[in-house]
Each structure stands twice: as structure tokens, then as C-alpha cells.
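Trainee: I would like to see how this sequence folds:
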Amino acid sequence: MSRVLTFALAAFAVPGTYAQDRQAANREIYLYQGADRAQRLLSQARKEGGLSLYTTMTPEDASPMIAAFEEKYGIKVRMWRGINQKFVQRALAEARAGKSAVDVYEGSGHGMEILHREALLEKFWSPAFGDIPPEAFPRHGHYAPDNLLFFVMGYNTRLVKREDVPRSYEDLLQPRWSGNFGIEASDVIWFAAVAKAMGEEKGLAYFRKLAAMRPQIRSGHTLMTELVAAGEIPVVLTLYNQAVDKLKERGAPIDWKPLPPAFGRADGIGVAKQAPRPHAALLFVDFVLSPEGQRFIMAASRVPVNRKVESSFNQSHFRIVDLAPVVDEWDTWEKRWQTLFLKGQE
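Mentor: Prediction:
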């Protein structure tokens, strides 16, 4: 695993008796399915007085949902937000230092997968699980999907005529696109998924040709989306559908198209193994996964996972990335990514 994202497991101290007792008590709370579950959660959560949330979700997307939760239950949410890399770094650094300040983690699927592998998450049960497709869950069950994001090619509708919009990855190798398209600097998952789908040898050969087309590399999907809308980059290969849709709804000259093989990823939510406020943590997770919480997800132009919330987004053109093998091979794919697109820089 990249040293930027992880610390060695050996760096963590063996949990003491107090930590083990807390883990056991939290596990019992998280897995309880008795008839009085909802009543117990709410009453104990109010005694705990609040919860701490670490998330990669933007304040614009998260704030309405958090406000609704606080108004419904009278429980304050303290939110810290960071991009995926900083989200993982902070979680692991605090665990390494023996701190137990966070109750709920909500972030990108690969970030949550790393937290699971570093033993920071605990299994839990929620009544919403029956309304979420089983295939959206990670096999180990230590976090749950809470929304779907899809990698799409975004383009400026004033700069790119409809008949000129690339229809395939091969189209991007035409001379007209040399230096005129962008790729977000951190999208190793997209790179690995597309290359594997093409057939690894063939896929890597394609990406060597694509790198030779001098793509513009920038950090931040939101920034890249804004650059396309502003006309500074005509086409970007790795935008998120929801960010494009937001600007399109506001009248920006931007649209998106999936290039086959097209992929999406599930963001996840999980409860901290050492959460100091486990009842409030689980109550919040229940809310996010419920139809009520998922409507806020949809209002943020993200794709809900709860089947009780209807979405007009057509998922039939996309496959969901299986994150486990990508994380297993992260060092290899990140090194390839850096060599091709970042010229060896972190």
C-alpha cells in the first residue's frame, strides 16, 4: 500500500484491556437487532450528547443531511472533512497515537477499505440493509455503501460540437485532442479498472499512448469540473457525474458521457471500532442509509443506494469497481500511474 495512504500495521500497539472492553461493548451495540433497538439507540444517543463524523463529502452536500438529523433527534454532529488522502492519513495517525475521538467514518470506497484493513471499523447491522442491493456491500461487511459515484467524461458544450464528442477511448488518440483534455491527478482506481477491463497488457499499451497525448493533470474533481465549465479544458476524462449535473442544472455549458468500459464506485459509511459514542454513531448511520437520509444524497446529485428512493440515473452503462483487488495491488498501479501521468511525483 502506498506510504502516502497507510502506516504499517506493526506500528499500532496491541489494545489494552480498556480498549478491548470498549470494542466488545460497541460490537454488542452495533449488532443488536432486538425489538427495542430504535428506542434504546435514541435514548442512549441523547445521553452521549453528540457524535464526531469524519467524511470526504463536501460541506455543501453534507450540511443539509446533518441539519435534518440534528433537528430530528436533537443530537449535534461535529464534522471534519478532508479529501480522501487526508481522511485516511488523519484516521490512521490518530489510531497510531491511541486516540479515540471519531464515531463515524464516511468516505470513498477505497479509503474505507483501507480503514477496514487497518482494523478501525466494526461490523454493524441496520434495518436499511434489506433495501440496499447485496452486491453493493463489500464482502467483509465492515462498512456499508451509502451512495454511488460514476466516472464520466465531461466536456464543454460550447467548445466541443456534438458530432466531435469522443465516443470511445480510442477516439481520444486523434491528433485534435493532443494537449486538449484532462485527467484528475488521483484517479488510480479509474486507471486500474479501465486497464484491467481492456485486458491488462492491452490496457497498459493504450494508456502509454494516452499519456503521450499530453493530458492536462490537475488535482481535485470539483476543480476539474469547474475548469471544463469555464472552457479552460475542453474535455476531462475522470469527472464525477454528480458534479457535472450540479453545474449543468445551474446553466453551465457542460455535459457528460460514459466511455465504455465505464465504471462507478461506492462511497461507504462505517462505525468506529473504538467509538466513544457508539449509540449516536449507529443512529446517524441508520439515518444516512434510510430513505429520509438517501433523499438528501439524491438532492446532492449523488446516486442513492436505498432502493426505496427512486433515481432517474441509468446505471446500466456502468460497472461498480471491485475495490479489494485494486487495494491489494495498489503499489503496482500507483507506480504505473505516477510513471505515466505524474512523471514519478507523489
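Trainee: okay, CA-based contacts and neighbour counts for the rest of this
Mentor: Noted.
Trainee: looking at the chain, which helix or strand is least sure?
Mentor: In the chain, no helix or strand scores lower on mean pLDDT, DSSP states H and E than helix 323-328, which sits at a mean of 85.
Trainee: then that helix to PDB, C-alphas only?
Mentor: Provided in PDB are the C-alpha atoms of helix 323-328 (Å, rounded to 0.1, in the frame of the first residue of the first chain):
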ATOM      1  CA  LEU A 323     -12.100  -2.300  -4.700                       C
ATOM      2  CA  ALA A 324     -10.500  -5.200  -2.900                       C
ATOM      3  CA  PRO A 325      -8.200  -6.300  -5.700                       C
ATOM      4  CA  VAL A 326      -7.300  -2.700  -6.600                       C
ATOM      5  CA  VAL A 327      -6.300  -2.100  -3.000                       C
ATOM      6  CA  ASP A 328      -4.300  -5.400  -2.900                       C
END
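Trainee: what about that helix, distance to the chain center?
Mentor: 14 Å (Cα atoms, centre = their mean, to the nearest Å).
Trainee: how far away is residue 39 from residue 330?
Mentor: Between residue 39 and residue 330 the distance is 43 Å, computed by Cα to Cα, to the nearest Å.
Trainee: The two - which one has more neighbours?
Mentor: Of the pair residue 39 and residue 330, residue 330 is the one with more neighbours under other Cα atoms under 10 Å, namely 17 against 10.
Trainee: Checking residue 331 next. Helix, strand or coil?
Mentor: With DSSP: H, G, I helix; E, B strand; the rest coil as the basis, the three-state label of residue 331 is helix.
Trainee: Can you name every helix or strand that the longest strand along the chain contacts?
Mentor: In the chain, taking DSSP state E as the definition, the longest strand is strand 144-156. Strand 144-156 sits against helix 221-230, strand 235-240, helix 241-249, strand 254-257, strand 262-272, strand 303-304, with contacts defined as 3 or more Cα pairs under 8 Å, 6 or more residues apart in numbering; DSSP states H and E.
Trainee: and the next element down the chain from that strand?
Mentor: Per DSSP states H and E, the first helix or strand lying C-terminal to strand 144-156 is strand 181-184.
Trainee: and that following strand, which strands flank it?
Mentor: Using DSSP bridges, strand 181-184 pairs in its sheet with strand 216-218 (parallel), strand 235-240 (parallel).
Trainee: Adding mean neighbour count and mean pLDDT, write the helices and strands packed on strand 144-156 out as JSON lines.
Mentor: Output for the helices and strands packed on strand 144-156, formatted as JSON lines (neighbours: other Cα atoms under 10 Å; pLDDT from 0 to 100):
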{"stretch": "helix 221-230", "mean neighbour count": "20", "mean pLDDT": "96"}
{"stretch": "strand 235-240", "mean neighbour count": "26", "mean pLDDT": "96"}
{"stretch": "helix 241-249", "mean neighbour count": "19", "mean pLDDT": "92"}
{"stretch": "strand 254-257", "mean neighbour count": "21", "mean pLDDT": "97"}
{"stretch": "strand 262-272", "mean neighbour count": "25", "mean pLDDT": "94"}
{"stretch": "strand 303-304", "mean neighbour count": "27", "mean pLDDT": "92"}
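Trainee: Tabulate these in CSV, adding columns for distance to residue 96.
Mentor: Formatted as CSV, these follow (distance: least, Cα to Cα, whole Å):
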stretch, distance to residue 96
helix 221-230, 30
strand 235-240, 33
helix 241-249, 34
strand 254-257, 42
strand 262-272, 14
strand 303-304, 34
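Trainee: Show me the one of the ones you listed that comes nearest residue 215.
Mentor: strand 235-240 (8.9 Å; Cα to Cα).
Trainee: Name the SS class of residue 22, please.
Mentor: Secondary structure, three-state DSSP: residue 22 is helix.
Trainee: what's the nearest residue to it if we skip its chain neighbours?
Mentor: residue 274 (6.5 Å; Cα to Cα, 6 or more residues apart in numbering).
Trainee: gap between residue 204 and residue 94?
Mentor: If you measure residue 204 against residue 94 using Cα to Cα, the figure is 37 Å.
Trainee: Name the residue in those two with the higher neighbour count.
Mentor: Set residue 204 next to residue 94 and count neighbours by other Cα under 10 Å: residue 204 wins out with 19 against 13.
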